[in-house]
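S.K.: build me a model from this:
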Amino acid sequence: MIPRATDREDAHASRRARRFLTLGIDVAGSKCVVVGGGRVGSRKALTLLGHGANVVVCSPQISPSLRPLVEQRRLAWERRPYRQAVLRGVRFVVAATDDKALNLRIARDAERRGIPFCLASDRRRSRVIFPATCETDDLVVAVHTNGCSPRRSADVRNLISRLLRGLPQQGNSSHGRASSSDPPESGKGKVYIVGAGPGAADLITVRGLRAIRSADVVIFDRILGRDFAEQLGIDPHRREVEWLGAGRMAPRRQADINRRILEAAAAGKVVARVKNGDPFVFGRGAEEIDCLVEHGITFEVIPGISSVSGALTAAGYALTSREHGRSFAVTSAQLAGGRFNEHYPKADSLVVLMVVGVLDRVAARLATDGWPPETPAVIIERGTQDGEKEVVGCLRDIARLAKHHNIESPAVLALGVVASRKLTSVRTARPHVTRACAGQVNFSRS
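M.R.: As a prediction, this is how the structure comes out:
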């Protein structure tokens with residue numbers, strides 16, 4: 001049993017570190033409870049999910065990073081304060097509330113039931129601790145200080161991670177190309193330009209995630225948001241994680257981004273530059289590559305799912321089909337420096353990015369170019385993400401409808417054949433999507 005400690009006993013316990021036996025435990029399919037839905041609880045829940053556990057988070061409120069997992073039914077949410085009943089049938093419990101007394105109570109309840117537990121507020125009283133880990137394809141290294149100094153554990157883990165990148169990985173050298181497990185040349189840094197995908201964190205590629213986890217410095221596009229990093233199991237507030245963006249001051253900010261990447265690489269660090277969508281589809285990835293080439297920095301580009309196709313595919317809109325729509329074109333409504341694009345390509349389907357704020361001008365320009373007013377149109381905000389919105393109409397009224405439903409960036413506009421047909425099964429399987437159709441126009445058909 002965990003005794004009720006006095007202040008003197010607390011001080012004595014802090015001087016006497018426990019010695020934890022380091023084990024690997026298979027939690028796949030096991031029920032694990034995390035009490036507390038804040039930043040610490042979210043990290044523990046994501047770690048357990050990543051190892052196949054059936055996770056229940058018990059808390060009146062949870063971090064935004066967990067909400068998409070709840071809606072996708074990958075995570076269970078007990079929306080109430082802690083009760084002992086939540087421990088029934090549980091294999092492991094984490095007490096991660098901001099109330100130390102409650103955490104101790106949870107620990108005592110767990111111990112009475114023979115359930116291993118982790119006390120996030122006092123690791124040295126825990127029965128289980130989470131070590132800092134680093135992984136390669138076939139190797140996992142775990143580092144801990146018996147709960148005394150998580151920061152030191154992380155520093156040592158990062159050092160080991162850098163050393164591991166210096167070891168040959170089976171199969172890489174024989175293929176004559178770099179991969180995310182190949183180390184940079186001695187004394188030089190390396191940069192991974194990583195496509196993050198259309199928005200949902202679990203749509204990033206395995207290679208991209210591996211590069212992020214092995215990097216010394218991670219530079220995210222600000223538009224991805226801190227929830228994205230948390231869902232990857234990365235603390236967005238860590239000193240090695242940075243958030244930069246372009247936006248309306250794109251030329252100046254892009255120069256700042258290039259300079260920051262070069263500084264880190266020149267210091268011998270491995271950098272993961274994580275860009276929304278695909279780095280080479282309206283992502284300014286080529287500009288960053290040109291900068292790296294100019295300064296002789298080793299790099300690798302890891303593709304991502306572009307929002308051009310990702311948001312539409314996830315929502316059930318096919319860019320091409322055998323019977324209809326044999327071609328599609330992609331463009332941006334805004335050019336360098338924020339200038340409006342006056343020229344739009346012709347195709348069976350047209351996808352327009354960076355359209356929010358100029359949608360009425362885009363519609364007018366397309367009408368002038370000969371697109372019929374009845375052309376089917378759909379605009380999708382935050383595609384594949386929590387809070388996704390979808391507004392359906394036609395060229396004549398899509399700007400009005402988007403304004404009425406408060407469509408904001410990031411959003412993708414699609415017109416033509418692609419917007420004329422939506423797969424019903426995809427629509428019904430996505431309960432988190434807000435969908436609106438024009439009252440007088442309905443171009444959806446099964």
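S.K.: surely Pro410 touches Gly199?
M.R.: Yes: Pro410 is within contact range of Gly199, at 7.5 Å (criterion: CB atoms under 8 Å). The C-beta positions use only the backbone N, C-alpha and C, and glycine is treated the same way.
S.K.: for these two, indicate the residue with more neighbours.
M.R.: The residue with more neighbours, out of Pro410 and Gly199, is Gly199; 26 against 20, by other CB atoms under 10 Å.
S.K.: name the nearest residue to Asn276, sequence neighbours excluded.
M.R.: Distances taken as CB to CB, 6 or more residues apart in numbering place Asp221 nearest to Asn276, at 4.7 Å, with adjacent residues excluded.
S.K.: is it true that that neighbour touches Lys275?
M.R.: Yes: Asp221 lies in contact with Lys275 (CB under 8 Å); the separation is 5.4 Å.
S.K.: between those two, which one's more packed in?
M.R.: The neighbour comparison of Asp221 against Lys275 (other CB under 10 Å) goes to Lys275, with 25 against 20.
S.K.: who's in contact with the more buried one?
M.R.: Listed by CB atoms under 8 Å, 6 or more residues apart in numbering, the contact set of Lys275 reads Ile193, Val194, Gly195, Ala196, Asp221, Gly283, Arg284, Gly285, Gly304.
S.K.: how does it look with 10 Å?
M.R.: Residues in contact with Lys275 (CB atoms under 10 Å, 6 or more residues apart in numbering) are 193-196, 219-221, 223-224, 257, 281, 283-285, 288, 301-302, 304.
S.K.: domains of this structure?
M.R.: Under the assignment automatic domain parsing, the domains of the chain span 26-130, 134-164, 187-305, 308-437.
S.K.: poorly predicted segments of the stretch 151-300 of the chain, please.
M.R.: Counting by pLDDT under 70, the stretch 151-300 of the chain shows low-confidence ranges at 162, 165-188, 245-252.
S.K.: switch to 80 and redo it
M.R.: Residue ranges of the stretch 151-300 of the chain with pLDDT under 80: 158-159, 161-188, 235-239, 245-253.
S.K.: who touches both of Pro410 and Gly199?
M.R.: Joint contacts of Pro410 and Gly199 (CB under 10 Å, 6+ apart) are Ile223, Asn276, Gly277, Ser307, Ala311, Arg382, Gly383, Gln385.
S.K.: residues near the second one, how many?
M.R.: The burial count assigned to Asn276 is 24, neighbours taken as other CB under 10 Å.
S.K.: and if you look at the last one?
M.R.: Residues contacting Gln385 under the criterion other CB under 10 Å number 21.
S.K.: any idea how far Gln282 is from Asn276?
M.R.: One thing to correct before we go on: residue 282 is Phe, not Gln. Taking CB to CB, to the nearest Å as the measure, Phe282 falls 10 Å from Asn276.
S.K.: mutual contacts of the two, please.
M.R.: Shared contacts of Phe282 and Asn276, defined by CB under 10 Å, 6+ apart, are found at Ser306, Ser307.
S.K.: about what we covered before: how about the domains of the chain in TSV, adding distance to Arg19?
M.R.: Shown next, in TSV, are those (distance: least, CB to CB, whole Å):
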stretch	distance to Arg19
domain 26-130	11
domain 134-164	6
domain 187-305	27
domain 308-437	42
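S.K.: after the longest helix seen in the chain, next one along is what?
M.R.: If you go by DSSP state H, the chain has its longest helix at helix 250-266. As assigned by DSSP states H and E, the chain's next helix or strand after helix 250-266 is strand 270-275.
S.K.: now do the buried residues in the following helix or strand past that following strand.
M.R.: Using DSSP H and E, the helix or strand that follows strand 270-275 towards the C-terminus is helix 285-294. Residues Gly285, Glu288, Ile289, Cys291, Leu292 are the ones in helix 285-294 that count as buried (16 or more other CB atoms under 10 Å).
S.K.: could you look up the SS state of the residue lying closest to Gln84 once chain neighbours are set aside?
M.R.: Closest residue to Gln84 in three dimensions, ignoring its sequence neighbours and counting by CB to CB, 6+ apart: Asp109, at 5.2 Å. Of the three states, Asp109 takes helix under DSSP: H, G, I helix; E, B strand; the rest coil.
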